[in-house]
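Novice: when you get a sec, could you give me coordinates for this:
(2 chains)
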Protein chains: 2
Amino acid sequence: MVGDDFPPGERDYLASRDIDLAGLEVRPGRTFRWTGRYHDDMNVRDTLSLELNVFADFRPRLGDAARRARFVFLANIDPRLQQAVLDQFEAPAIVAADTMNHWIDGARDALVALLPRVDLLILNDEEARLLSGETNVSRAARRILALGPRSVLIKRGEYGAILFSPDSVFAVPAYPLEEVFDPTGAGDVFAGGVVGYLAATGERSEGGLRRAIVFGSVLASYVVEDFGGQRLRALTRDDIDRRYRQFVALTEF
Amino acid sequence: MVGDDFPPGERDYLASRDIDLAGLEVRPGRTFRWTGRYHDDMNVRDTLSLELNVFADFRPRLGDAARRARFVFLANIDPRLQQAVLDQFEAPAIVAADTMNHWIDGARDALVALLPRVDLLILNDEEARLLSGETNVSRAARRILALGPRSVLIKRGEYGAILFSPDSVFAVPAYPLEEVFDPTGAGDVFAGGVVGYLAATGERSEGGLRRAIVFGSVLASYVVEDFGGQRLRALTRDDIDRRYRQFVALTEF
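Specialist: Take a look at the predicted model:
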């Protein structure tokens, strides 16, 4: 859902990338807007303003095509809405979900009720600590797995990501960039890359999920190189494949 | 150099592990002693007391056998002493060196003079930032490489380690432990494992250095499981090989 201020050029761009916009709702009013300031340590940021605008009464209703989707990513929002969205899918094969501190603190019961329906919970290390009450990341992941998700993928910013499943652990470093221009949205791009890879390949194995995480890491490493989503506009499949190979070179021994 | 309070049992233990003790000097007085307290976040610790004792006028003089060693690890100490020790080797093939904030701040010129003679500089991320004046780890590493060491290995605590050479980067995660009992000396064990692997195998390639770093990571992951160096006493080669394979499983995709 966007407001009637949403730039037509942005819509055209999404359509040009073959993204189904049937579910994009335009309402009178202003689009959701967040303003923040990053510290020198880009892991720390201050929110300067947050306007929900048309998002304030967002109650997603999926169209028929969307309901039949097999790969679902429940992006970060109120877990009651995530539940209501998930209820609308006919037979999802893979359900990934993101969340944040705000919901862990303020809507914990709804979040915990959602988790048994989630194949891949994606959250950052601070959120994992808050949800589990454990400081140690391995213990935190074990506690969260006990709440029901099939696997837990913990984002660690400049240190990469670590995946915990009942029987295995997979850790991948972040791509070592000499400059991070704008980290806004890197976590969303990461999650989108992971789920996009799974959807595009149909992979369901542990190995497939690992490759998906590297793929998401590649995309996240690109998006932070420019402001907002700008970098993705110029990105080619060759760019992605090249950096994927660099991840192989970065980690093989 | 130790004091005359050094327990004979410790000396016997070292000898039982086939360690050459010809260079171990015993002086009247007390052995070096450090006391500290770790925070809940074990990356943070307070020094409660530091007694140099017999270490106060440590001026290492190597015996003939030691002078012919091909693999040299200059553990963390005043870089003027590191230089003086290095001068005593006849033809070292690989020189690794550690350092710390105290010397970066207080003996920078001597440290910088040492670096062109170092093949592998080992330091932690905070030290890398202090030495380079750069916050970003990749830029920090580039700056340090420009000072002369052939490669820079940056320790990142629970996030593992990252190796920068002029033409490549290698990142390895730490082994995900559910409990860290005592992190004291983990960095020394890590460095010892890296250089020990190189010395034992004679490997000089990039691939060999990478495997050495994983080997060091394995040893560091064990030593933190018990107090001081206790865990190493019970450690077998099978334990090491098993966890090395777990590092493969942890990182492969």
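Novice: can you give the distance from the helix or strand encompassing A:R242 to the centre of its chain?
Specialist: Using DSSP states H and E, A:R242 sits in helix A:237-251. For helix A:237-251, the distance from its own C-alpha centre to the chain's C-alpha centre is 20 Å (C-alpha atoms, centre = their mean, to the nearest Å).
Novice: then stretch A:208-219?
Specialist: Chain-centre distance of stretch A:208-219: 12 Å, with C-alpha atoms, centre = their mean.
Novice: that one and chain B in contact?
Specialist: Yes - using C-beta under 8 Å from any C-beta of the partner chain, stretch A:208-219 reaches chain B at A:210-211, A:213-214. (Glycine included, C-beta is placed from N, CA and C.)
Novice: before we move on, back to that, now do the helix holding A:R242, average pLDDT.
Specialist: Taken as a whole, helix A:237-251 has a mean pLDDT of 98.
Novice: interface residues of chain A facing chain B?
Specialist: A:40-41, A:135-139, A:142, A:156, A:158-160, A:162, A:168-173, A:176-180, A:207, A:210-211, A:213-214, A:249-253.
Novice: ok, 6 Å please
Specialist: A:138-139, A:159, A:169, A:171, A:173, A:176, A:178, A:210-211, A:214, A:250-251, A:253 (C-beta under 6 Å from any C-beta of the partner chain).
Novice: give me the element the residue of the stretch 1-150 of chain A found nearest chain B is part of.
Specialist: Nearest residue of the stretch 1-150 of chain A to chain B: A:S138, at 4.4 Å (C-beta to the nearest C-beta). Using DSSP H and E, A:S138 sits in helix A:137-145.
Novice: before we move on, the earlier item: looking at the residues of stretch A:208-219 next to chain B, which are in helices?
Specialist: A:210-211, A:213-214 (DSSP state H).
Novice: the helix or strand encompassing A:Y222 packs against which elements?
Specialist: Taking DSSP H and E as the criterion, A:Y222 maps to helix A:206-223. Contacts defined by 3 or more C-beta pairs under 6 Å, 6 or more residues apart in numbering or on different chains; DSSP states H and E place helix A:206-223 against strand A:168-172, helix A:186-201, helix A:230-234, helix A:237-251.
Novice: tell me how many other residues crowd the nearest residue to A:S151 once chain neighbours are set aside.
Specialist: Take A:S151 and drop its neighbours on the chain: the residue closest to it by C-beta to C-beta, 6 or more residues apart in numbering or on different chains is A:S165, 4.3 Å away. By the criterion of other C-beta atoms under 10 Å in any protein chain shown, A:S165 has 17 neighbours.
Novice: skipping adjacent residues, who's closest to A:A249 in space?
Specialist: Spatial nearest neighbour of A:A249, chain neighbours left out: B:S168 (6.8 Å); criterion: C-beta to C-beta, 6+ apart.
Novice: same question for A:A66.
Specialist: Using C-beta to C-beta, 6+ apart, the closest residue to A:A66 is A:G23 (5.5 Å).
Novice: the helices and strands packed on helix A:206-223 into JSON lines, with extra columns for distance to A:R30?
Specialist: Formatted as JSON lines, those follow (distance: least, C-beta to C-beta, whole Å):
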{"stretch": "strand A:168-172", "distance to A:R30": "38"}
{"stretch": "helix A:186-201", "distance to A:R30": "21"}
{"stretch": "helix A:230-234", "distance to A:R30": "22"}
{"stretch": "helix A:237-251", "distance to A:R30": "34"}
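Novice: including mean neighbour count, could those go into a markdown table?
Specialist: Formatted as a markdown table, these follow (neighbours: other C-beta atoms under 10 Å in any protein chain shown):
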| stretch | mean neighbour count |
| --- | --- |
| strand A:168-172 | 21 |
| helix A:186-201 | 21 |
| helix A:230-234 | 14 |
| helix A:237-251 | 14 |
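Novice: before we move on, the earlier item: closest to A:D119 among the ones in helices among the residues of stretch A:208-219 next to chain B?
Specialist: A:I213 (13.4 Å; C-beta to C-beta).
Novice: next, count neighbours for the closest one.
Specialist: 27.
Novice: can you tell me how far it sits from B:I77?
Specialist: Look at A:I213 and B:I77: by C-beta to C-beta, to the nearest Å, they are 41 Å apart.
Novice: shaky segments in chain A?
Specialist: Residue ranges of chain A with pLDDT under 70: none are present.
Novice: stretch A:1-15 spans what distance, first to last residue?
Specialist: 16 Å (C-alpha to C-alpha, to the nearest Å).
Novice: that stretch: which residues count as buried?
Specialist: Within stretch A:1-15, the residues that qualify as buried are A:1-3, A:6, counting by 16 or more other C-beta atoms under 10 Å in any protein chain shown.
Novice: mind listing residues that contact it?
Specialist: Applying C-beta atoms under 6 Å, 6 or more residues apart in numbering or on different chains, the contact partners of stretch A:1-15 are A:21, A:25-31, A:53-54, A:58.
Novice: change it to 10 Å
Specialist: Residues outside stretch A:1-15 that contact it (C-beta atoms under 10 Å, 6 or more residues apart in numbering or on different chains): A:19-21, A:23-33, A:53-60, A:229, A:232-233.
Novice: put the buried members of those into a PyMOL selection.
Specialist: The PyMOL command for the buried members of these (criterion: 16+ other C-beta under 10 Å) is given here:
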select buried, chain A and resi 27+30+31+32+53+54+55+229+232
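Novice: give me the subset of the contacts of stretch A:1-15 that lies in strands.
Specialist: A:26-27, A:33 (DSSP state E).
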